[in-house]
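Engineer: how would this look folded up:
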Amino acid sequence: DALPIWEKNSMDKYRIIVAHPGQQHSYRLAAALNRYGCLFTYMTTVYNKKNGLIVKLLRLFMNEDNKKRLERRRCDKIDDKQLIQYNILSGLILLLLNRVDHSRRIYYWWNKKVADSFGRKVAEYAVKMKADAVIMYDTNAKSCFERLKQAAPEIVRIMDMSAANRSFVKHVYEEDMEKNPQWAEILRCEKRFLWDYSLEDYEEEIKNAHFFLAASNVVKHSIEYSGRNGSDVWVVPYGVDSGIYAPSMRENNGAVRFLFVGAVRQMKGISYLLEAFETVNPESAHLEIVGDCMIPDRLQHKNASNIEYLGYLLPETVANRYKDADVFVFPSLCDGFGLAALEAMASGLPVICSANSGVADLIQDGVNGFVVETGDAGELRDRIVWFTEHRDRMKDMKRAAMETGRNYSWEKYEDNVNRAVIEMIQRKYKNG
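Structural biologist: Model prediction:
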């Protein structure tokens, strides 16, 4: 039998389950806990298990692109013996719907069914194995946490949140829609489920969690928005593999090169970025936009000589765009973190980001970038112009940005997240 957690000493290992019906960054968390000997089981649906029969069969019918996607659904830092899969067929159907259901209605309906079934099975397993803690992810934890609360309230329920709470996001978007009516319907269509479906399930899983891992203070604030105490939230920023990203040593004597990387949508604040560039001297500033463009042609400002759309690029190509840029811009309306911005900093790019971007936690105004008011095209333009007028500061800001980016490694994330999870478990059993 498992040793009662309050009797464990520092040499004992906890029984911690990490479970996600999809993927997100759950591999990173599971690998971090495994590094310290605290991962008991990793649970998921579709996984590229070595010598797995289903994977072998799938490969016979997949094109090269889908084979590469499948290959990425595994983590070499987790032993296959620690892996349990549930709802495999349902998970495969969900992956298919994600590619073909452009309306997203069937996808959201099926996703809920998969998450609920998967969560109940995770809870049953956790109770059976007398786990110390179960870590699940936002939008997928409701059924698991409900079952654990009833059957085994002593098991610590932890929710890992990379994105802001959906109720908070809806509130932010509605404020923007009122302020910027020209883009209101576009924004609504981008996240239609916020209005077409009840958010009660998301509120319920927040209510039933004991503690939270949050990627940033934006996420923490969104949890507080739903009535939870901030003392139940541990903010653990993500990391970056600095070996992949290297700063350019070339001097730029032409226009300052600004870069945006991400989904080209209003939820990423694209209207404010385009508006900001409208009145900027095209000979002093140039903007590259990398990512699938999802906004109407009439709003893309394609006639502007200093705005260039590059479309979707592979990660290795994006790394090269970082090298060629001078400043990264990230004006998102509400973003839990913004990993692209951290990658840009590791590449030596100062960042201009919105206050509602999680990466704002890492920005020191005038040192490694600037934080601007969310949805303020005027302030965004002022900071863009500032860089064109203070080129003498660029070298120092690039160096500071690089140091910041490299200070947030995945190794540091692993140390911090392991410490946070252990503190949560110990606090739960200390306080009862």
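Engineer: Now the helix or strand containing Ile186: buried residues?
Structural biologist: Element membership of Ile186 [criterion: DSSP states H and E] is helix 184-190. By neighbour count with 16 or more other C-beta atoms under 10 Å, helix 184-190 contains the buried residues Ala184, Ile186, Leu187, Arg188, Glu190. Using the backbone N, CA and C atoms, a C-beta is placed for each residue, glycine as well.
Engineer: Let me know the pLDDT of the spatially closest residue to the first one that is not a sequence neighbour.
Structural biologist: With sequence-adjacent residues excluded and distances taken as C-beta to C-beta, 6 or more residues apart in numbering, Ala184 is closest to Met177, at 3.8 Å. If you check Met177, the pLDDT there is 96.
Engineer: ok, now Lys49?
Structural biologist: In the prediction, the pLDDT value recorded for Lys49 is 82.
Engineer: what's the neighbour count on the residue nearest to Ala184?
Structural biologist: By other C-beta atoms under 10 Å, the residues close to Met177 number 17.
Engineer: Now tell me what touches the helix or strand that the helix holding Ile186 is followed by from outside.
Structural biologist: Proceeding C-terminally, helix 184-190 gives way to helix 193-196 as the next helix or strand, assigned by DSSP H and E. Residues lying outside helix 193-196 but in contact with it, judged by C-beta atoms under 8 Å, 6 or more residues apart in numbering, are Arg104, Arg105, Tyr108, Arg166, Val169, Lys170, Tyr173, Arg188.
Engineer: If we use 7 Å, what do you get?
Structural biologist: Residues from elsewhere that reach helix 193-196 (C-beta atoms under 7 Å, 6 or more residues apart in numbering): Arg104, Tyr108, Arg166, Val169, Lys170, Tyr173, Arg188.
Engineer: Quick check: buried residues in that helix?
Structural biologist: Per 16+ other C-beta under 10 Å, helix 193-196 contains these buried residues: Leu194.
Engineer: would you put the C-alpha positions of it in CSV?
Structural biologist: Output in CSV follows, covering the C-alpha atoms of helix 193-196 (Å, rounded to 0.1, in the frame of the first residue of the first chain):
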residue,chain,number,x,y,z
PHE,A,193,-17.8,28.8,-28.8
LEU,A,194,-17.5,31.4,-26.1
TRP,A,195,-21.0,32.7,-27.0
ASP,A,196,-22.5,29.5,-28.5
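Engineer: and it, how far from the chain's centre?
Structural biologist: Between the mean C-alpha point of helix 193-196 and the mean C-alpha point of its chain there is a distance of 20 Å (C-alpha atoms, centre = their mean, to the nearest Å).
Engineer: low-scoring pLDDT stretches of the protein, where are they?
Structural biologist: Low-confidence regions of the chain, defined by pLDDT under 70, span residues 1-12, 51-70, 249-250, 432.
Engineer: Near Leu96, how many residues? Count them for me, please.
Structural biologist: As a burial measure, the neighbour count of Leu96 was computed by other C-beta under 10 Å and equals 12.
Engineer: next one: Leu342
Structural biologist: 26.
Engineer: tell me the contacts of it?
Structural biologist: Leu342 is in contact with Tyr238, Val240, Val359, Gly405, Tyr408, counting by C-beta under 7 Å, 6+ apart.
Engineer: change it to 6 Å
Structural biologist: By C-beta atoms under 6 Å, 6 or more residues apart in numbering, the contact list for Leu342 reads Val240, Gly405, Tyr408.
Engineer: Helices - which of those land there?
Structural biologist: Among these, the residues falling in helices (DSSP state H) are Gly405.
Engineer: State the distance from Gln266 to Ile295.
Structural biologist: Distance of Gln266 to Ile295, given as C-beta to C-beta, to the nearest Å: 7 Å.
Engineer: outside of stretch 73-90, which residues touch it?
Structural biologist: The list of residues contacting stretch 73-90 from outside it, by C-beta under 6 Å, 6+ apart, reads 27, 30-31, 34, 41-43, 45-50, 114, 117-118, 121.
Engineer: Next, the buried residues of that stretch.
Structural biologist: By neighbour count, and taking 16+ other C-beta under 10 Å as the criterion, the buried residues in stretch 73-90 are Arg73, Arg74, Cys75, Ile78, Leu83, Gln85, Tyr86, Asn87, Ile88, Ser90.
Engineer: quick one: which of the residues you listed is nearest to His301?
Structural biologist: In terms of C-beta to C-beta, no member of the buried residues of stretch 73-90 lies closer to His301 than Arg73, at 37.9 Å.
Engineer: part of a strand, is that closest one?
Structural biologist: No - inclusion of Arg73 in a strand is not indicated when DSSP: H, G, I helix; E, B strand; the rest coil is applied; the result is coil.
Engineer: hey, where'd the strands end up in the chain?
Structural biologist: 16-19, 39-44, 83-85, 133-137, 156-161, 211-214, 233-235, 256-261, 285-290, 307-311, 327-330, 351-354, 369-372 (DSSP state E).
Engineer: Name the residues that touch the helix holding Ile186?
Structural biologist: Contacts of helix 184-190 (C-beta under 6 Å, 6+ apart): Tyr173, Met177, Arg265, Gln266, Met267.
Engineer: 10 Å instead, please
Structural biologist: Contacting residues not belonging to helix 184-190 are listed as 173-174, 176-178, 180, 183, 194-196, 263, 265-268, 270-271, 294-296, 299, 333 [C-beta atoms under 10 Å, 6 or more residues apart in numbering].
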